[in-house]
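Participant: Fold the following and give me the result.
(2 chains)
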Amino acid sequence: MNKVAAIYFDGKTSRLHHVEFLVQGDIAQVCDASNTLHTAVIRSCPLSDLRVSERTRHAPRKVTFSDGAYLEITDHASFNAILDSTGYQDSAVVQLQQSWTGTLAALAAVIITLTLGYLYGLPAVAKVAAFSTPVSVERKLGDGVLEFLDKHIFQPSKLPTARQAELRERFQRLRPPREGSPKYQLVFRKSAIGPNAFALPSGDIIITDEIIALMKDDDAVMGVLAHELGHLHERHLTRRIIQSSAVGAVATLLFGDVSAVIANIPTLMLDMKYSRDAETEADDYAMQMMDANGIAREHLAAAFEKLEALAPGVSPYISSHPSGSERVMRIRGNN
Amino acid sequence: MDNFQNNDFSVSQQSSSGTLQLEFRGSGSEYFRIWIVNLLLSIITLGIYSAWAKVRRNRYLYSSTHLGGSSFEYHGNAIAILKGRIVAFVFFFGYQLAFKLDPSMILGSSMMLMMVVVMPWLVWKSLQFKLYNSSYRGIRFGFRGTAGQAYSTFLLWPLLTAFTLYLLAPVFHQRLKRFQHNESRFGSTHFSFNAGVGQFYWAYLVGIGIMLAGIIVISVGFGSTVMALFAGGHGGKFDVAAAASFGLFIFVLYMWMFAIYPIFLTLLQNLIWNHTKLGDHQFRNNLQWGRMTFIAITNILGIVCTLGLFIPFAQIRSMRYRVESLQLEVNGSLDDFIAETQEQVNATGEGMADLLDFDLSL
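Facilitator: Predicted coordinates:
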C-alpha cells in the first residue's frame, strides 16, 4: 500500500507527532510512526472529510481534518502517488500555476489584456460613463475653482468691455459642429501665467488678455475658444478623472508593495498619453467647428505656431500636450 | 525496545531548548507563477478575484515559512475578505462623490470625520483577523486588546504626535508596538514587548543623524565641483557642465534617500524583535543594513529593467532576508502550547485596512 511519512498536530496542543499517512479504499489512516512492532492507528476517517492544500514545488502539503487537526507532508513524490491512486485532481488554477506553458500563457494574457484595456477598453468605458453622467454633476466638480484662481492667480481683465462683448457675441454666434453643445460662460482675465485659455468643469471658459494680444487675429481666437469648447462638449474632464483613477488603481495593484515612488512614475507617464489624446480630440473639434462656420483652419494652425514659439515643447512622453509642430502639421495636413 | 527508545529520544531532542532559525523556502520562480495567474484572474474579474488571490498568496508564503521543522498556515476566507473590500469600496466611492457633489462640504467633511472615528476600530479588527487566520503547529494566533487601547494607540497618540510637530513620533511608535506585541497571543500564550521610549528615540536619532551626515557629505562634495565650474567661467560649455553636475548632485541625493529607508528599517526591526518574547521564548533579529540596502536597490533596478515582471522575485528576496534574520531562543519546548477557543473574526476590518494599505510590520 502507498504510505508517506508526515508530522501530525492535533489542533489542541503544539506537540509534534511523527506519523505515517496511508489510504485504503476510501478510508484515510494516520499511524504512529514510532512503533514498528505493530500498526497503531491514531485516527481514520473517510477521504471526503479531508481537505488537501494546493500543490507547490517547495512548500509542504497539508492535509486538514474536519476538527482542525492536520498533517504536514514534505515527501511530495510519495504523497502525489497517494493522490493519484485516489483520483484527486488539482484545480484549474493550480494546474495553470504549475505549468510553465500555462504561466507564459497567463503572462501573455496579462500583457495583452492590460495593453488593450489601456489603449481601447478604458477610453471607451470612460467615454460611455462620462456621457452618461448628467452635465450638472460635472459642473459641480468645478465649483470653487474659478474663485480659487481669481484669488491667487488672476486679475480683472484690462480688455475694454466693448471688446469683450464683441468677442463673446461672435463666439456665441458660431455653430457647434454637432448638437448638444453644453452651456458655457466666457470669462476674460489678466494673468501672470501669460497667454493661455482653458475650460473648467463648471462650464467657464477662461481666456487671458495675453493670448488675445498674442493672436492679433480674431479668427485665431475663435479657434482657441472652439478648442476649449471641445473639452467641454467631449466631456474630457470627467473622462480624465475616470481614466486617471483606473490607471492609478492598476499601477498600485502592480507596484504598490514595492515603492510609492516607483508606482508614481509609470502612472504619470501613462496618464499623460490620455491627456495628449484629449488635446488631439479637442483640436479635431475645433477644426470641425471652424469648417462648419466657414473659418479657414489656417487660423488655428497659426495660433499654435505662435504658442509654440513662446514655449518650445518638452519630451513627448512626459508632456500633457502634443508638440506644437505636431499639432500644426496635423491641422494643415487635414485640409 | 531499543528502537522505541531511540525514536523517543530523537523526538525529545528535536524540541528541546536552543536557538531556532526561521527559514523561508519559497522560490521566486514559483511565486512568479502564482503572482501572474493571480494578476490575470484579478484583472479579468475587475478586481473581484483579488480576494482569492490574496488567500493563495498568503497560503504560499506562510507554508514556505518554517520554524523548528514545521510551517505556518494561513486560514483567511476569500468570501469574508471580498465582503470587507466591497464595504471599503462603497465607502470610499461615496466619500469621493460626497466631496465633489456637495458645495458646502458638509457631507464630505462628515464622512471624513466618521472615517477618522472608525479607523482605530478597523485597524484593531484587522489585527484580530490577521492573527486569528494565522496558525503554527495547529495552534491559532490571536489578538486581545480593547477598544479603548485601540483608540489610544491609533487616534490619541497620532494627534499628540501631530500637535508636537512629530517630536513625539518615537513615543507613538513605541506605544503602537507595545499594543501590537503585548496583545498578541499564540494559543493561550501571550507575546510581550519591553522596549522603552528612550530606545525608540535613540533609534530615530541615529537614523536621522546618519541621513543628515550623508546629505552634508554629498553637498560638500558636489558643492565644491559646482563652485569650481561657476568660478571657471567657460562660456557656452559652462552652463552644460554645471547643469549636468547639478543634475548628478540631485540624483545622488535621491539615491541616498532611497538607501536611508533600509537603515531605518534595520534599526527599528532589530530594536522591536530583540525586545519581544513569546512566553519565555525570546526573539532575536539580526538585520544588516548593508544587505538590506543591497537587496532594496537591486530589487528596484530589477523591477525597472523588466517593466514590473521582477516584482514577485523582488518580494521573495525581501521576505527571505527578513524572515531568515529572525531567530527564536527556545526556553523549554515548543510542544507545550495549548489552543484557546475563539470565535470567528469578521473580515470587515481586514478589507478596509487592506485597501488603505495599512502596514504595521515596521
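Participant: Next, name the residue at the spatial heart of chain A.
Facilitator: A:Val247 (1.9 Å; Cα atoms, centre = their mean).
Participant: thought that residue was touching A:Leu268?
Facilitator: No: the pair formed by A:Val247 and A:Leu268 falls short of the contact definition of Cβ atoms under 8 Å, at 9.3 Å. Just so you know, the C-beta spots here come from the backbone N, C-alpha and C atoms, and that holds for glycine as well.
Participant: Name all residues that make contact with the residue nearest to the centre of chain A.
Facilitator: Listed by Cβ atoms under 8 Å, 6 or more residues apart in numbering or on different chains, the contact partners of A:Val247 are A:118, A:122, A:267, A:270-271, A:274.
Participant: ok, 10 Å please
Facilitator: Residues counted as contacts of A:Val247 (Cβ atoms under 10 Å, 6 or more residues apart in numbering or on different chains) are A:117-118, A:122, A:266-271, A:273-274.
Participant: Give the buried residues for the longest helix along chain A.
Facilitator: Ranked by number of residues, the top helix in chain A under DSSP state H is helix A:260-292. Within helix A:260-292, the residues that qualify as buried are A:262-263, A:266-267, A:270-279, A:281-290, counting by 16 or more other Cβ atoms under 10 Å in any protein chain shown.
Participant: Around the closest residue to A:Asp75 other than its chain neighbours, how many other residues sit close by?
Facilitator: Spatially, and ignoring its direct neighbours in sequence, A:Asp75 is nearest to A:Val4 (5.2 Å; Cβ to Cβ, 6 or more residues apart in numbering or on different chains). Using other Cβ atoms under 10 Å in any protein chain shown, A:Val4 has 23 other residues around it.
Participant: A:Val4 reaches A:Gln29, doesn't it?
Facilitator: No: in this structure, A:Val4 is not within contact of A:Gln29 by Cβ atoms under 10 Å, at 11.7 Å.
Participant: Please identify every residue contacting each of those two.
Facilitator: A:19-23.
Participant: What about those residues, which are in strands?
Facilitator: Of these, the ones assigned to strands by DSSP state E are A:19-23.
Participant: nearest to chain B, of the residues you listed?
Facilitator: A:Val19 (11.6 Å; Cβ to the nearest Cβ).
Participant: Show me what the nearest residue to the closest one once chain neighbours are set aside is bridged to.
Facilitator: In this structure, A:Val19 finds its nearest non-sequential neighbour in A:Tyr8, 4.4 Å apart by Cβ to Cβ, 6+ apart. Taking DSSP bridges as the rule, A:Tyr8 bridges to A:His17, A:Leu71.
Participant: What of the one 5 residues further on?
Facilitator: In this entry, A:Thr13 is beta-bridged to B:Ile338, by DSSP bridges.
Participant: same deal with B:Phe72?
Facilitator: B:Tyr136.
Participant: Give me the neighbour count for it.
Facilitator: 19.
Participant: all strands of the stretch 101-250 of chain B, in order?
Facilitator: All strands of the stretch 101-250 of chain B, identified by DSSP state E, counting those that start in this stretch, fall at B:134-136, B:139-143, B:184-186, B:189-193.
Participant: Pull the contacting residues for A:His17.
Facilitator: Contacts of A:His17 by Cβ under 10 Å, 6+ apart are A:6-10, A:30, A:32-34, A:42, A:69, A:71, B:11, B:335.
Participant: same thing with A:Ala246?
Facilitator: Counted by Cβ under 10 Å, 6+ apart, A:Ala246 has contacts A:117-118, A:121-122, A:125-126, A:271.
Participant: Which phi and psi values does B:Leu326 adopt?
Facilitator: phi -110, psi 130 (degrees, to the nearest 10).
Participant: Let me know whether it touches B:Leu67 as I believe.
Facilitator: Yes: counting by Cβ under 10 Å, B:Leu326 touches B:Leu67, with 9.0 Å between them.
Participant: Now for the two: what residues contact both?
Facilitator: Contacts common to B:Leu326 and B:Leu67, judged by Cβ under 10 Å, 6+ apart, are B:20-22.
Participant: In PyMOL, how would I select the buried members of those residues?
Facilitator: To isolate the buried members of the shared contacts of B:Leu326 and B:Leu67 in PyMOL, using 16+ other Cβ under 10 Å:
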select buried, chain B and resi 20+22
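Participant: And the strands in the stretch 101-250 of chain A, which stretches?
Facilitator: Applying DSSP E, counting those that start in this stretch to the stretch 101-250 of chain A gives strands spanning A:154-156, A:185-191, A:197-199, A:204-208.
Participant: how about CSV for those, with mean pLDDT and mean neighbour count added?
Facilitator: As requested, the strands of the stretch 101-250 of chain A are exported to CSV (pLDDT from 0 to 100; neighbours: other Cβ atoms under 10 Å in any protein chain shown):
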stretch, mean pLDDT, mean neighbour count
strand A:154-156, 88, 14
strand A:185-191, 88, 18
strand A:197-199, 88, 19
strand A:204-208, 90, 22
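Participant: CSV for the ones you listed, including distance to chain B?
Facilitator: Formatted as CSV, these follow (distance: least, Cβ to the nearest Cβ, whole Å):
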stretch, distance to chain B
strand A:154-156, 21
strand A:185-191, 17
strand A:197-199, 17
strand A:204-208, 15
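Participant: Compare the ones you listed and report which one is nearest to A:Asp90.
Facilitator: strand A:197-199 (56.0 Å; Cβ to Cβ).
Participant: So which elements touch that closest one?
Facilitator: Strand A:197-199 sits against strand A:185-191, strand A:204-208, helix A:209-215, helix A:218-233, with contacts defined as 3 or more Cβ pairs under 10 Å, 6 or more residues apart in numbering or on different chains; DSSP states H and E.
Participant: do you know how far B:Phe62 is from chain A?
Facilitator: You called it Phe, but residue B:62 is Tyr. Distance of B:Tyr62 to chain A, given as Cβ to the nearest Cβ, to the nearest Å: 9 Å.
Participant: Okay, and that residue sits in which element?
Facilitator: helix B:50-63 (DSSP states H and E).
Participant: residues of that helix that come out buried?
Facilitator: B:50-63.
Participant: quick check, nearest of those to chain A?
Facilitator: B:Ser63 (3.7 Å).
Participant: Low-confidence bits of the stretch 151-300 of chain A, can you list those?
Facilitator: A:253, A:255-263 (pLDDT under 70).
Participant: 80 instead?
Facilitator: A:192-193, A:249-266 (pLDDT under 80).
Participant: Now it against chain B: closest residue?
Facilitator: Residue nearest to chain B within the stretch 151-300 of chain A: A:Leu254 (5.6 Å; Cβ to the nearest Cβ).
Participant: for that residue, helix, strand, or coil?
Facilitator: Following DSSP: H, G, I helix; E, B strand; the rest coil, we place A:Leu254 in the helix state.
Participant: Kindly provide the distance from it to A:Asp271.
Facilitator: According to Cβ to Cβ, to the nearest Å, A:Leu254 stands 15 Å off from A:Asp271.
Participant: cool, A:Lys127 as well?
Facilitator: Counting by Cβ to Cβ, the gap from A:Lys127 to A:Asp271 is 16 Å.
Participant: Run a quick neighbour tally on the residue lying closest to A:Asp32 once chain neighbours are set aside.
Facilitator: Spatial nearest neighbour of A:Asp32, excluding adjacent residues (Cβ to Cβ, 6+ apart): A:Ala40 at 4.2 Å. The number of residues packed near A:Ala40 is 12, by other Cβ under 10 Å.
Participant: what do you get for A:Lys158?
Facilitator: Neighbours of A:Lys158 (other Cβ under 10 Å): 9.
Participant: list the contacts for it?
Facilitator: A:188-190, A:209.
Participant: repeat that for 7 Å
Facilitator: A:Lys158 makes contact with A:190, A:209, according to Cβ atoms under 7 Å, 6 or more residues apart in numbering or on different chains.
Participant: Give me the phi and psi for it.
Facilitator: Dihedral angles (degrees, to the nearest 10) for A:Lys158: phi -100, psi 10.
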